[in-house]
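In: predicted model and sequence below, questions to follow.
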Amino acid sequence: MALVTALRRLAHISLREYSWRRTAVTSGAWLTGWRSFTTGTQPLRSCDKVTVHFVNRDGEKITVKGSPGDSLLDVVVNEDLDIDGFGACEGTLACSTCHLIFDEEVYKKLGRISDEEMDMLDLAYGLTDTSRLGCQICLTQSLDGMEVRVPDSVADVRQSKDESA
């Protein structure tokens, strides 16, 4: 009998907690108090976004905003930018289609380049001393307002392998 009573109490407490969470979620309360209590983070404000100016192959300047921590590839995909062939390997370092050219001052802020990225850049068309792969560059506030240039053409190693087969 004691076991049955204990199970009823447990079921009642679980249902009450479920009901409170369901009410909090549907009322939006979880967006304010509950979320910040559990994660300790605040939602991103528009002033926390990083502005990036892409200069496309045709010279068109496209200005977008991305969240800190997003890669430049993420920004292109999330903003649905019309950059032909950009990011074909989805950021797996298996191609060089997200090759971008940076100004010297910005390039110095980008951090160390990995050996894997260097290997892919060696295959990029129009390589310069300030070239990097967009999938490897994550946005920070220090990069706010930067301008990046999309090279005139793209060389996708995967396509040339498929065509030779």
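Out: Perfect, I can see it now.
In: helices along this protein, start to end?
Out: Secondary structure of the chain (DSSP state H): helices at 2-27, 29, 35-39, 72-78, 104-109, 115-121, 157-164.
In: compare the mean pLDDT across those and name the weakest.
Out: Out of the helices of the chain, the stretch the model trusts least by mean pLDDT is helix 35-39, with a mean of 39.
In: which residues does residue 142 contact?
Out: Going by Cβ atoms under 8 Å, 6 or more residues apart in numbering, residue 142 touches residue 109. Quick note: C-beta positions are derived from backbone N, CA and C, even for glycine.
In: and the closest residue to residue 103 other than its chain neighbours, how many neighbours?
Out: Spatial nearest neighbour of residue 103, excluding adjacent residues (Cβ to Cβ, 6 or more residues apart in numbering): residue 147 at 6.3 Å. Residue 147 has 15 neighbouring residues, counting by other Cβ atoms under 10 Å.
In: residue 115 now?
Out: 6.
In: same question, the one 10 residues further on
Out: Residue 125 has 13 neighbouring residues, counting by other Cβ under 10 Å.
In: touching, it and residue 150? I think so.
Out: No: proximity of residue 125 to residue 150 does not meet the contact threshold set by Cβ atoms under 8 Å, at 11.3 Å.
In: what residues does residue 51 make contact with?
Out: Here residue 51 is in contact with 63-65, 144-145 (criterion: Cβ under 8 Å, 6+ apart).
In: please narrow those residues to those residing in strands.
Out: 63-65 (DSSP state E).
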